[in-house]
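Asker: sequence first, then the predicted structure:
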Amino acid sequence: QDYTWEDHGYSLINRLYPEVGQLLDEKFQVVYNLTYHTLASLRGVDTSVLRRAIWNYVHCVFGIRYDDYDYGEVNQLLERSLKVYIKTVACYPEKTTMRTYTQFWRHFKHSEKVHVNLLLLEARMQAALLYALRAVTRYMT
């Protein structure tokens, strides 16, 4: 809660290895902001709240919580089958099966499901980096 990518992680990695810091930040931003403005058969949808809920849920699974985020959104927007899928892919990727993939969002396009995978994998990578960079920060001080 007191160590975020935007405030701490990015600045440290940018100081240690500037080219990588910028590339990682751009990668996270591209995936986080990726949208076709669709949700199943709906068009012109603002999916930013859903994308934020998925990203924050992944961080929450890894013990990272933010004081300024209402986690009630996660429970409102992410159905149980999606949470199970996210937790399986993020924590136990070897247990991911075609069945777990087909169990969530049955009426959604594969491109939307792929986007969920991109979101959760990048959020997981950012969570791991935050833990590593926080350890480096503690070592340096």
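Answerer: Good, I have the coordinates. Numbers count the residues shown, from 1 in each chain.

Asker: now for residue 62: which residues touch it?
Answerer: 90, 124, 127, 128, 131 (C-beta atoms under 8 Å, 6 or more residues apart in numbering). Quick note: C-beta positions are derived from backbone N, CA and C, even for glycine.

Asker: narrow those to those in helices?
Answerer: Helix and strand membership here follows DSSP state H; of the contacts of residue 62, those in helices are 90, 124, 127, 128, 131.

Asker: which of these sit farthest apart?
Answerer: Of all pairs drawn from those, the widest gap by C-beta to C-beta lies between 90 and 131 and measures 13.8 Å.

Asker: just the strands from this protein, written as ranges.
Answerer: Under the criterion DSSP state E, strands of the chain are mapped to 38-39, 42-43.

Asker: and the first one, what does it pack against?
Answerer: In other words, strand 38-39. Judged by 3 or more C-beta pairs under 8 Å, 6 or more residues apart in numbering; DSSP states H and E, strand 38-39 is in contact with no other helix or strand.
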